[in-house]
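S.K.: sequence? don't have it. structure:
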């Protein structure tokens, strides 16, 4: 049904209820944005009536807008949605908004979750609070599928195991092959989008290059090692060392102190020669503490990534790649960063960093209401 059909429905509402003239026009614009009745589904209606309307219209106009919405939906041949507008849930949510924004927001989230049309988080995908265009598309598609199931009676909110059924329907929609792009799924598009956002979030071109180098590996689940405790033991040890009150002692060249190196080779069995190592540069296995690289500047230096305070009269030190860096705090800041060859945890020297973003936590673009925010990609 086109935008013209919506306009005709508005005129029919005006003819029957002249007092709803302006309200019907406002509701039609809010629900369809001039793009026709295909824009309307239950989740979108609830977000409009229970979230947008009470936040952007004065309280004395709410009742008229709700009545106009119900009348318009009747004229459009959507009686099940008209019942949502007239429902006790709508009255309860708007009454909560009348008591305050905090109460209204809580009532919206509760009612929306109970309605059965809010896509649940599943083992396949956890929805982000900020979404890209592909994730917003996936969310809208699942909302529509759940809304259709509720309308058809195949999903009954509140019935036994209804939430498990909603989760199964959500995964089915996300896993369904798409016509465009061929062979892709909505879940795959969301993952690809998140990884792209994560790569773009790196402010330095070299950092972006590191992240790009492992992007394809992140498109598929990565199996953990058979014995993860042993695999991360050296890294855990170095983290604990850096997190101590005095941090990790370094040489003037910003390598780990020799006593620390000797402790590491003894603890983890990294040395088979008679004479002990003179510095960390001789211990190739030290990469296990920051696999496979430990510093944002160098592939070889672990000590350069664990810092101790500079003296008050010392000049700003230089990192191992030759770039001048700022005085650093006693305790190293631990931030996830992407290396040239694979995903690693490294110690970033001082200050905050964008490096802590990861593809599983970054989202770009949004939801229309409540918890989620919409941010359009350029």
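M.R.: That came through fine. Note that the coordinates shown come from a computational prediction; the quantities given were computed from them, not determined experimentally.
S.K.: what's the helix or strand hosting residue 24 packed up against?
M.R.: In this structure, residue 24 is located in helix 21-32 according to DSSP states H and E. Contact analysis of helix 21-32 by 3 or more C-beta pairs under 8 Å, 6 or more residues apart in numbering; DSSP states H and E lists helix 3-16, helix 62-75 as its packing neighbours. The way it works is simple: take the backbone N, C-alpha and C, and place the C-beta from them, glycine included.
S.K.: so for the helix or strand immediately after it in the chain, what's the average pLDDT?
M.R.: Using DSSP H and E, the helix or strand that directly follows helix 21-32 along the chain is helix 42-47. Taken as a whole, helix 42-47 has an average pLDDT of 97.
S.K.: the helix or strand following helix 42-47: how far from the chain's middle?
M.R.: Toward the C-terminal end, the helix or strand that comes next after helix 42-47 (DSSP H and E) is helix 53-56. Averaging C-alpha positions (C-alpha atoms, centre = their mean, to the nearest Å) puts helix 53-56 26 Å from its chain's average.
S.K.: quick one: contacts of helix 53-56?
M.R.: Contact with helix 53-56 is made by 30, 62, 65-66, 93-94, 97-98, 101, 104, as judged by C-beta atoms under 8 Å, 6 or more residues apart in numbering.
S.K.: ok, so of these, who is nearest residue 203?
M.R.: Sorting these by distance to residue 203 puts residue 101 at the head of the list, at 35.5 Å, by C-beta to C-beta.
S.K.: from residue 137, how far off is residue 72?
M.R.: Residue 72 sits 26 Å away from residue 137, going by C-beta to C-beta, to the nearest Å.
S.K.: which of those two has more neighbours?
M.R.: In this view residue 72 and residue 137 are compared by other C-beta atoms under 10 Å, and residue 72 has more residues nearby, 28 against 16.
S.K.: now do the contacts for the more buried one.
M.R.: By C-beta under 8 Å, 6+ apart, the contact list for residue 72 reads 9-10, 13, 24, 27-28, 31.
S.K.: mind putting those residues into TSV with neighbour count and pLDDT?
M.R.: Formatted as TSV, the entries for these read as follows, by neighbours: other C-beta atoms under 10 Å; pLDDT from 0 to 100:
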residue	neighbour count	pLDDT
9	22	95
10	23	95
13	27	96
24	26	95
27	28	96
28	23	95
31	24	95
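S.K.: now do the helices for the stretch 101-250 of the chain: every range, in order, please.
M.R.: Using DSSP state H, counting those that start in this stretch, the helices found in the stretch 101-250 of the chain span residues 101-114, 133-152, 162-175, 186-200, 205-214, 228-243.
S.K.: now for these, which one comes closest to residue 271?
M.R.: Closest to residue 271 of the helices of the stretch 101-250 of the chain is helix 228-243 (C-beta to C-beta; 13.5 Å).
S.K.: counting by contacts, list what the closest one packs against.
M.R.: Of the remaining helices and strands, those touching helix 228-243 by 3+ C-beta pairs under 8 Å, 6+ apart are helix 258-268, strand 333-338, strand 343-348.
S.K.: give me the residues contacting the first one.
M.R.: Which is helix 258-268. Residues outside helix 258-268 that contact it (C-beta under 8 Å, 6+ apart) are 233-234, 237, 241, 248-249, 251, 256, 270-271, 276-280, 283, 285-286, 288-289.
S.K.: next, the buried residues of it.
M.R.: The neighbour-count criterion (16 or more other C-beta atoms under 10 Å) identifies 260-261, 264-265, 268 as the buried residues of helix 258-268.
S.K.: for that helix, the distance to its chain's centre please.
M.R.: Centroid separation for helix 258-268 versus its chain: 40 Å, with C-alpha atoms, centre = their mean.
S.K.: what angle sits between it and helix 228-243?
M.R.: Counting by axes from the mean of the first three to the mean of the last three C-alpha atoms, to 10 degrees, helix 258-268 lies at 160 degrees to helix 228-243.
S.K.: pLDDT on helix 258-268, on average?
M.R.: Across helix 258-268, pLDDT averages out at 91.
S.K.: can you check the last one too?
M.R.: For strand 343-348, mean pLDDT is 29.
S.K.: okay, buried residues for stretch 176-193 please.
M.R.: Within stretch 176-193, the residues that count as buried by 16+ other C-beta under 10 Å are 185-193.
S.K.: now tabulate these in CSV and tack on distance to residue 41 and pLDDT.
M.R.: Compiled in CSV, the buried residues of stretch 176-193 are given as follows (distance: C-beta to C-beta, whole Å; pLDDT from 0 to 100):
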residue, distance to residue 41, pLDDT
185, 21, 95
186, 16, 96
187, 21, 95
188, 24, 93
189, 20, 95
190, 20, 96
191, 25, 93
192, 26, 93
193, 23, 95
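S.K.: which of the contacts of helix 258-268 fall within helices?
M.R.: For those, the ones inside helices are 233-234, 237, 241, with DSSP state H as the criterion.
S.K.: can I see the domain layout of the chain?
M.R.: According to automatic domain parsing, the chain is divided into the following domains: 3-114, 120-201+357-378, 228-354.
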